[in-house]
Each structure stands twice: as C-alpha cells, then as structure tokens.
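In: fold the following for me, if possible:
(chains A and B)
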Amino acid sequence: MLPTTSRSVLLTALVLLSVVSMLFASFAGSVAMSPGAWSSALLNPDSPDGALLWQLRLPRALAAWVVGAMLALAGCLMQVLLRNPLADPYILGVSGGAAFAALAGMTLGVAAALVPVLALLGAFASILIVFGLARGSGPWSGTRLLLTGVVTAAGWAALISMVLATGSDNSLRGMLFWLMGDFSYASLPVWAVAALLLGLALTLGMARSLNVLAMGETTASLLGESTRKLLWFLYALASLLTAAAVAVAGTIGFVGLIVPHLVRLVTGSDHRLLIPASALFGGSFLVFSDTLARTVMAPRQLPVGVVTALLGVPLFLVLLNRARIRSPDA
Amino acid sequence: MTGLACKNLDLSIACKQVVHGLDLDLAPGQYWGLMGANGIGKTTLMKCMAGLVAPDRGAVLLDGKPLAAMPRREVAKSIGMLQQHTVYVFDASVLQTALTGRHPHLSRWQNESPEDLHKAQDAIAQVSLAGMESRSVTSLSGGEARRLAFATLLVQDPTIMLLDEPSNHLDLKHQVLIMSTIGNAVYAGRRLAMAATHDVNLAACFCSHVLMLFGEGEWSAGPAPEMFTRARLQKLYQCPVEMIETPAGRRFHPSFEALSN
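Out: I've put the predicted structure just below:
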C-alpha cells in the first residue's frame, strides 16, 4: 500500500499526463504547425488554425479520453466482478451485441449518426439477455455469469462474421475500422461524459467494498456487504460503461484489459487508488494512441485499436517482467 | 451483553439433515467446540449462525433479534467468521488485507484511521507475521495465509467469533497459539467463540463447551468435561477411541490397533 503522499503524487502526475496528452493531440496532425503558430491558435479559437484545434483535434481528443477512462474503469469492475485478473470489458458479450447491431445498420445503409444509437441498443439487448439467463434464483454464481456471457459473445461473433461475409465490399472497410475502434467520425455526446462522471462517482463510493469483494463473495458478506446486490450492481455498471464507450468509437481492444493491470503493478490493488488512477491513465493512453493512429501514416489513418495493442503489448510485457525481477518470490 | 441463540433450528444441505430442533444459547465467556465427522454439516451450521445460510425452520437470534432481519453490516459488527479456506487471488499487501477487517466499522467515504492501522499491525504481530506487512498475499504459504485470515478477524474485532477449523494448515506451535489467542479473547475479553475442529485434544484443552453433530439431525451439547467421554467420541466418529488420564486432564486418540485389524 502506498503512503498518502505517494498517492497524491501519483494522481497529480496522472492528471498532468492527461493534460500533456491533450496538448500533444492538439499539436500533432497532418496539418503541420510550428510551436508558435500552435500556441497562438490555442489562444485564438476563432482563427483558422484555432478552429482546427478547437473544433476538430481537441473534441476528438476529449472523446478518446472519455472512452479510454470508461474502458479502464469497466475493466477494473469486470475483473472484480468475475474475480479474475484476465477479465476485460468485452468478455460478457456487451461489445458483441453492440458490434452486431452497428454493423447490421451499416450494411443496411443507415445514416452514420444512427450507428452509435444502434450500437447502444445492441449492447443493451446483450446485457439483458445475459442478465436474464444468468440470474436464476439460487446464490450468485460467477461461473454461470461468465459462461453465459462468453457463450453469448461467441454467438454475436458468429453473427458479426456473417454480416462481414455477406456485406458489400465498399462497406467492409468502414466495418473493419469500427470493429477495431475508430474516432474519425466520433463525436462526444454529453450523455457519455455524464455516464463516465456518474460511473466514477459510484465506483469511488464503493471502492472499499470492491477491495473486500476481491477477496471472495463469502468474505465480502462476512465483512458486511450485501454481496448479491453489489455484484449485480457491478455487472450493470460495468456493462453500461462498456456500452457507452463502444457506442462512441467502436470496439477498441486492449485498453480495458491492460490499463488496470499496468496501474495495479504500480498502485497495488486498493481500489480507492486503482480506480481514479486507471481512469486517468486509460484516458491519457487512448488520447496518445489515437493521436498516433492519425499521424503515424498521415494522411492515412489507422484504426486506434491497432495502436493500443502495438503500444500496450510491449509496455505491459516490460513492466510485468520488471515487477517479477523486483519480487522474485511472487 | 451480546449473545447468540439458536431457536428450534432445522437446517439441511443437499437433502441431508444437519440439525433438527437445535436449541442453544451461547453466552459471552464461552468457547464452544463444534465437532462431528467429515461432511456432517459443521460449516453449513456455522454459516447459518453467521446469517449466510437460511435455516429451514427456526431462527438464529443475535441479542434476541433474528439475524435474517438485520442488515449485513450490523451483523458484521458483531459476528465474524474465519472460513475454512483462504485463497487470495488479487495481489494485495498483508497489511492492506488485515485492514479490511475494519470494513464494517467504516462508513462509505471513511478511510482507516491511525488507530485502525495500529490494530492491524498488532494483529499481524499476534499471529507472528510481523515484518511481512508489505509482502504480497499471493506469495504467502498456506499456513501464513491462514494466520493472516485470523489476523483480519482480530482486526474486525467481533464480539462473536465463528472459526471453521482454525488450526488447519498450522504447525504445532501455531495451533496452540491460535487456540489460546481465541481462548484469551473469550475468557479475558468476554467474547464468545465457536470453533469447528477435528482436534479432540486441542478442544479438550481450550473449549468450555462442546456441540456434537452425529448426523441425521441428531445433536448433543454441554460443558466440555461432560461431553468428552470415550463413548460419545466413539459414537461421533464411528471409530474406537482410547482415553488417557493425564494430570492436565483427559486426552484421546484413535485406537490404532483396533483400526488396523
């Protein structure tokens, strides 16, 4: 457990990282800008360069930050819910339902603005299906929820493959980008910001309960939690956060799995620190990734999911290895 | 005064009757041993007494109030339980894990105070894990994890302690240490404890009362000296038992000759 001062230092550093990621996102792009031009554009939103920053780059960066924070938060919750450090926000089929609905919409040629709505509806449908099938009347069973979710996800995956296989060639590229996560068309709806803030507030309020729950359901009950209620609440919260994130930018992989792990290596598993730190780091990580996705091969854009994986895999492996060297008995 | 009572309790698990019509008053200053053969339902009965499993009939009363009607947090302030198995999946430190014992005593946004921290450090020292505060719980041995779980119970500091095979996985020294720590809390601290155990001699040394489960719902309870007879133990374990009188009291062991023939 980190002492209080180190906790504040860490959180402050992560807030600064978020700010730096935003500034980087506003600076980098296919329209090159000198540092002088950039700073004057930042201060003059009405100039042409200012409009580029304030109406294109920064809203996109903010969308990436919010989605990254939501995915990281959902990942933390899912890992406690299933008591499995390998769980990620997509494991229970929320993203599968969203992806199927979004892709089906694209095939049928619905307006681009409707795709997020369809994704959200698909996610809700999947959440309700899994909830309805896994609930039962007996005691809580994490295994049953996991199996129901994983099998439902497999069902969605088959339907997605079917849509991809039968769709027209010219819509295929857009679908692939959506599946790997893409902010090109992302706008940031107010409800997504509200969902993140509400999710953060609720999760921070039960951070100590999550610590107890991570030690097992019976232990949590013995230490005063109404475990069954808490678990279903966690399921709903994690699923809704995932649904919101997926609706904004498609199924960006890796953030929800890797960020809580990376942060845990530094903070330990006290959720009072893990949760805000994961949200801050998840947001910054996705802003950096998205900025790289649109600049590395500019003017061509990469799906952001490719960058999160290419950045995250080596970063994670290096940190994991260093952690093992530090504590040889672990 | 905090006490725990079972009123006309019927309890079953998987169509097997654990107790039938159990009437029992447990008062502070009493240290109960809970004894019975494997799979007879000791754990289920303890879980029922902790409010985790609902009885078929009857009620468990805490200070005269039915447990089923109380919020979990209120129950957890008075009743704590050491589970039979302790498996830590997530990597947390020993100190942080011991501190979770304060959970029921803290409100939603409250953090642990310096006194809570002292309590946790004391408890860790009491189970002789001092110096391992920052170790990861996933790196502990079976016996160490067990002692940490007991330390967490001490930090929770309930007036009623239910312990499911507390001496399991422990070496001789720590078997005696854990039983005497519980005994001390009970006899000097006016707590109430019930420990499920297969160790007849540890129970005979430390327990003041014994509840025996014979299967099919049959039970028998009373002060330890009356309960520990050769005949009762033979019936309890369906196994020939030898008794030895020592200056410190009666000691029992299975009759090896009779068993190997």
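In: helix, strand or coil: sort out the residue nearest the centre of chain B for me.
Out: Most central in chain B under CA atoms, centre = their mean is residue B:163, positioned 1.4 Å from the mean C-alpha point. Here residue B:163 is recorded as strand under DSSP: H, G, I helix; E, B strand; the rest coil.
In: over to the one 5 residues further on?
Out: For residue B:168, the secondary structure call by three-state DSSP comes out as coil.
In: what's the answer for residue B:39, then?
Out: coil.
In: ditto for residue A:188
Out: coil.
In: returning to that earlier point: looks like the residue nearest to the centre of chain B contacts residue B:191 (just checking).
Out: No. Assessed by CB atoms under 8 Å, residue B:163 is found out of contact with residue B:191, at 11.6 Å. For glycine as for every other residue, the C-beta is placed from the backbone atoms N, C-alpha and C.
In: all helices of the stretch 51-200 of chain B, in order?
Out: B:72-78, B:94-99, B:114-126, B:142-156, B:172-187, B:200-206 (DSSP state H, counting those that start in this stretch).
In: with distance to residue A:195 and mean neighbour count added, can I get the ones you listed in JSON lines?
Out: Shown next, in JSON lines, are the helices of the stretch 51-200 of chain B (distance: least, CB to CB, whole Å; neighbours: other CB atoms under 10 Å in any protein chain shown):
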{"stretch": "helix B:72-78", "distance to residue A:195": "29", "mean neighbour count": "19"}
{"stretch": "helix B:94-99", "distance to residue A:195": "30", "mean neighbour count": "26"}
{"stretch": "helix B:114-126", "distance to residue A:195": "34", "mean neighbour count": "17"}
{"stretch": "helix B:142-156", "distance to residue A:195": "35", "mean neighbour count": "23"}
{"stretch": "helix B:172-187", "distance to residue A:195": "48", "mean neighbour count": "18"}
{"stretch": "helix B:200-206", "distance to residue A:195": "55", "mean neighbour count": "20"}
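In: now tabulate the ones you listed in TSV and tack on mean pLDDT and distance to chain A.
Out: Formatted as TSV, the helices of the stretch 51-200 of chain B follow (pLDDT from 0 to 100; distance: least, CB to the nearest CB, whole Å):
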stretch	mean pLDDT	distance to chain A
helix B:72-78	95	3
helix B:94-99	94	5
helix B:114-126	94	10
helix B:142-156	94	7
helix B:172-187	92	17
helix B:200-206	92	23
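In: show the backbone phi and psi for residue 28.
Out: As the question left the chain open, I've gone with chain A. Backbone torsions for residue A:28, taken as degrees, to the nearest 10, come to phi -80, psi 140.
In: my question was about chain B, not that one.
Out: The phi/psi pair for residue B:28 (degrees, to the nearest 10) reads phi -60, psi 150.
In: same thing with residue A:181?
Out: Residue torsions, per degrees, to the nearest 10, at residue A:181 are phi 90, psi 130.
In: quickly find the element holding the residue of the stretch 51-200 of chain A found nearest chain B.
Out: Residue nearest to chain B within the stretch 51-200 of chain A (CB to the nearest CB): residue A:83, separated by 5.7 Å. Using DSSP states H and E, residue A:83 sits within no helix or strand.
In: not counting residues beside it along the chain, what's closest to it?
Out: residue B:89 (5.7 Å; CB to CB, 6 or more residues apart in numbering or on different chains).
In: what residues does chain B put near chain A?
Out: When proximity is defined by CB under 8 Å from any CB of the partner chain, chain B lies next to chain A at B:47, B:50, B:52, B:71-77, B:80-81, B:83, B:87-93, B:95-97, B:100-101, B:103-104, B:106, B:108-109, B:111, B:134, B:136, B:138-139, B:156.
In: hmm, back to that, contacting residues for the residue nearest to residue A:83?
Out: Residues in contact with residue B:89, defined by CB atoms under 8 Å, 6 or more residues apart in numbering or on different chains, are A:83, A:84, A:85, A:214, A:216, B:138.
In: now do the same for the first one: its pLDDT.
Out: This points to residue A:83. Listed pLDDT for residue A:83 reads 85.
In: next: the one 5 residues further on.
Out: According to the predicted model, the pLDDT of residue A:88 comes to 85.
In: three-state assignment of the one residue in the stretch 201-330 of chain A that gets nearest to chain B?
Out: Closest approach between the stretch 201-330 of chain A and chain B, counting by CB to the nearest CB: residue A:224, at 3.3 Å. Following three-state DSSP, the label given to residue A:224 is coil.
In: per-residue confidence averaged over stretch A:208-226?
Out: Taken as a whole, stretch A:208-226 has a mean pLDDT of 93.
In: now find how far off-centre it is within its chain.
Out: 25 Å (CA atoms, centre = their mean, to the nearest Å).
In: keeping just the C-alphas, turn it into CSV.
Out: What follows is stretch A:208-226 as a C-alpha-only set of coordinates in CSV (Å, rounded to 0.1, in the frame of the first residue of the first chain):
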residue,chain,number,x,y,z
ARG,A,208,-13.5,-0.2,-0.3
SER,A,209,-16.4,-2.7,-1.0
LEU,A,210,-14.5,-3.7,-4.1
ASN,A,211,-11.4,-4.4,-2.1
VAL,A,212,-13.4,-6.7,0.1
LEU,A,213,-15.2,-8.3,-2.8
ALA,A,214,-11.9,-9.1,-4.5
MET,A,215,-11.2,-11.4,-1.5
GLY,A,216,-14.3,-13.5,-2.4
GLU,A,217,-18.1,-13.3,-2.2
THR,A,218,-18.4,-15.1,1.2
THR,A,219,-15.6,-12.9,2.7
ALA,A,220,-17.4,-9.8,1.5
SER,A,221,-20.7,-10.9,3.1
LEU,A,222,-18.9,-11.7,6.3
LEU,A,223,-17.4,-8.2,6.3
GLY,A,224,-20.9,-6.6,5.9
GLU,A,225,-21.7,-6.4,2.2
SER,A,226,-25.0,-7.4,0.7
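In: list the buried residues in that stretch.
Out: For stretch A:208-226, a neighbour-count test (16 or more other CB atoms under 10 Å in any protein chain shown) marks A:208-225 as buried.
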